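Kindly return the folded structure for what I paste below:
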Amino acid sequence: MAKIRQYFPNFYSGFDPQTIEFNTQKELLKIDFVKGFSENKTFFRYSLIIDDNKTSEFKSTLMAEYKNGYKWFVVGSIDNVDSLNLPKWKSKDREE
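So this is what the prediction gives:
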């Protein structure tokens, strides 16, 4: 069983991030706050940042990429990515 914790920027107030358990990638992508990112017409894909040096239990970050990966948002933090088959997130520079 893995968990995702919803991300809100530090300047947001009055919101309590959800932490939801999931077993498979399919279950993860059906979680309402995750699924909402894919409903934008410029959505490209989900990807992961894995940081084994983090000291918290949530060592990975789920990203939502748009416009072929040139725009992105943090979806949440994940504690265990063993059941996930998502690409590694990589920053892209703007195409000229």
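
Next SSE downstream of the lengthiest helix in the chain?
Secondary structure of the chain per DSSP state H: the longest helix is helix 25-30. Sequence-wise, the next helix or strand downstream of helix 25-30 (DSSP states H and E) is helix 32-35.

where's the spatially most central residue of the chain, which helix or strand?
Centroid check for the chain by C-alpha atoms, centre = their mean gives residue 62 as the closest residue, at 1.9 Å. Secondary structure assignment for residue 62, by DSSP H and E: strand 60-66.

pLDDT (mean, whole number) over that strand?
Mean per-residue pLDDT for strand 60-66: 96.

what's the answer for stretch 4-17, then?
Averaged over stretch 4-17, pLDDT sits at 85.

Mind listing residues that contact that stretch?
18-20, 22, 28, 31, 33-34, 58, 61-62, 74-79 (C-beta atoms under 8 Å, 6 or more residues apart in numbering). In short, each C-beta sits where N, CA and C put it, glycine included.

just the strands in this protein please.
Applying DSSP state E to the chain gives strands spanning 2-6, 19-22, 43-50, 60-66, 71-78.
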